[in-house]
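1. need a structure here:
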Amino acid sequence: MRTLDFAPLLRSSIGFENLNRLVDFATRGDSDAYPPYNIEKLAEDTYRISMAVAGFSRDELELTVQDNVLIVLGKTEKAEEAERQFLHRGIAKRAFERRFQLADTIKVTAAGYSDGLLNIELKREVPEHKKPRRIAIDGETIDSDAPALVAA
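-> Coordinates of the predicted model:
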């Protein structure tokens with residue numbers, strides 16, 4: 001496998017310690033495109049992931065967020081599948097695990113299931129300390145809440 005050297009990029013960057021993890025996640029690729037999904041931008045800070053999970057009930061779907069990764073699991077009931085005899089099976093209903101890497105500022109706000117689509121609502125919530133603020137040239141901050149920077 002090809003190894004990438006990000007040292008030149010990281011010389012002028014601060015706080016990108018998890019860059020290698022993100023690159024590994026991105027280069028791993030999706031060998032399986034099941035189930036299909038859409039990612040929509042609804043507003044400036046609002047997003048929706050819609051997954052086509054036809055045939056699954058609410059009880060067979062599980063959502064978990066851990067370490068900025070949204071994990072969507074679909075479990076099938078093997079006992080139910082064994083009782084049925086298909087002459088043609090065009091609707092895929094197999095167990096799956098789909099992972100979405102979330103930024104630190106993205107939070108899952110809601111999830112709903114309707115008409116065979118699992119809709120996951122996401123919102124960008126930027127904390128006050130991460131919002132941009134203007135710094136005056138004389139070394140004092142413009143914002144009264146923020147600490148002042150001292151010139152050396």
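2. okay, CA-based contacts and neighbour counts for the rest of this
-> Fine.
3. Identify the residue spatially nearest to Arg58, adjacent ones excluded.
-> Take Arg58 and drop its neighbours on the chain: the residue closest to it by CA to CA, 6 or more residues apart in numbering is Tyr113, 7.0 Å away.
4. Any idea what the one you found is bridged to?
-> As for beta bridges, Tyr113 partners with Leu118 under DSSP bridges.
5. From Lys131, how far out is it?
-> Counting by CA to CA, to the nearest Å, the gap from Tyr113 to Lys131 is 34 Å.
6. More neighbours: the two, which one.
-> Tyr113 (17 against 7; other CA atoms under 10 Å).
7. Next, give phi and psi for Val72.
-> With angles defined as degrees, to the nearest 10, Val72 sits at phi -110, psi 120.
8. quick one: it and Leu63 touch, right?
-> Yes: with contact defined as CA atoms under 8 Å, Val72 reaches Leu63; the gap is 4.8 Å.
9. Counting neighbours, go ahead and name the busier of those two.
-> Neighbours were counted for Val72 and for Leu63 using other CA under 10 Å; Val72 has more, 18 against 14.
10. which residues sit in contact with the more buried one?
-> Contacts for Val72 (CA atoms under 8 Å, 6 or more residues apart in numbering) come out as Leu61, Glu62, Leu63, Thr64, Phe96, Glu97, Arg98, Arg99.
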